[in-house]
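Novice: Need coordinates for the below:
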Amino acid sequence: MLKAIIVDDEMPAREELKFLLKEFNEIDIIGEASNGVEAIKLNEKLRPDLIFLDIQMPQITGIEVAEKVLDSTHVPLIIFVTAFDQFAIKAFEVNAIDYLLKPLCKERLEKSIKKAINLYKAKNYDYENKLEKLIKEIKGRNEKVDKISVYKNGRLIPLDLDEIIYATVKEKNTVIVSTKGEFETNNTLSQLQEKLKNHNFFRSHRSFLVNLDFIEEIEPWFNSTYQVKLKNNKEKIPVSRNHCKEFRKLMNID
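Specialist: Numbering: from 1, shown residues only. Here you go, the predicted structure:
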């Protein structure tokens with residue numbers, strides 16, 4: 001039996017995976033984490049055989065968690081959980097690292113578990129090298145991104161990242177507000193956050209991702225939170241209480 005932990009910032013996603021795993025006697029869920037920091041601590045404390053690791057998480061992504069785990073005293077098997085990303089999927093397959101696509105499929109989950117059990121029994125010492133190579137590929141790709149393709153009236157338009165003012169969610173669609181106007185993207189806000197994390201973007205609220213270079217003014221708001229006024233835009237963007245500490249650090253607010 002493999003001891004496993006589940007890492008995902010969204011509770012419904014963790015609950016869904018736990019429900020599906022009930023049918024697999026080979027897996028014993030010994031813990032769960034809602035963010036990357038918790039995941040790193042749990043790995044050291046519980047020393048699981050397997051981690052189900054979501055990639056698109058705020059602050060510390062699943063790829064960064066995997067990187068920290070590689071440098072730790074305990075390196076378990078990892079099954080990455082991700083929304084559709086053609087580059088990431090190709091990288092997983094080339095490096096023989098397993099992944100699950102959201103929404104989760106029971107048949108695919110079964111294959112992943114069988115593969116993990118076989119790897120565990122075989123004591124595959126090449127696994128860590130493959131994992132390290134995967135991390136370098138995905139991180140390298142993210143660092144090179146300087147454009148994103150967006151949609152308007154059915155047309156696909158390349159947009160420079162430094163033209164993006166902020167991104168938000170409107171009627172379940174992810175909308176990018178830029179110096180060239182408003183556009184839509186097929187990415188969720190969490191996916192967009194991961195792609196832009198090396199480009200001075202900050203998740204100020206569950207519904208907002210802000211380009212820090214466009215902040216013109218910071219207004220103290222109720223309950224020790226903030227609103228930010230952006231250049232070239234009239235809308236004020238909230239900074240929720242959960243993100244205030246990181247925001248103050250980024251903006252050097254004493």
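Novice: which residues touch Ile51?
Specialist: Neighbouring residues of Ile51 by CB atoms under 8 Å, 6 or more residues apart in numbering: Ala4, Ile5, Ile6, Val7, Ala39, Asn43, Val69, Pro76, Leu77, Ile78, Ile79. Where you see a C-beta, it was placed from the backbone N, CA and C, and this is true even at glycine.
Novice: Kindly recompute the last result at 10 Å.
Specialist: With contacts defined as CB atoms under 10 Å, 6 or more residues apart in numbering, the neighbours of Ile51 are 4-7, 31, 33, 39, 42-43, 62, 65-66, 69, 75-81.
Novice: now the helices for the stretch 151-254 of the chain?
Specialist: With DSSP state H, counting those that start in this stretch as the definition, the stretch 151-254 of the chain shows helices at residue ranges 189-196, 241-250.
Novice: tell me the most buried of those helices?
Specialist: For those, the largest average neighbour count (mean count of other CB atoms under 10 Å) is found in helix 189-196, namely a mean of 21.
Novice: Mind listing the strands the helix or strand where Leu53 lies pairs with, and their directions?
Specialist: In this structure, Leu53 is located in strand 50-54 according to DSSP states H and E. Each strand paired with strand 50-54, and its direction, by DSSP bridges: strand 2-7 (parallel), strand 77-82 (parallel).
Novice: pLDDT averaged over the first one, what's the number?
Specialist: Averaged across strand 2-7, the pLDDT comes to 98.
Novice: Check which element follows that strand along the chain.
Specialist: For strand 2-7, the following helix or strand on the C-terminal side (DSSP H and E) is helix 11-21.
Novice: That next one: how far from the chain's middle?
Specialist: In this view, helix 11-21 has its centroid 17 Å away from the chain centroid, taken as CA atoms, centre = their mean, to the nearest Å.
Novice: List the residues that contact Tyr226.
Specialist: Going by CB under 10 Å, 6+ apart, Tyr226 touches 204, 218-220, 236-241, 243-244, 247-248, 251, 253.
Novice: where does it sit relative to Gly62, distance-wise?
Specialist: Distance of Tyr226 to Gly62, computed by CB to CB, to the nearest Å: 28 Å.
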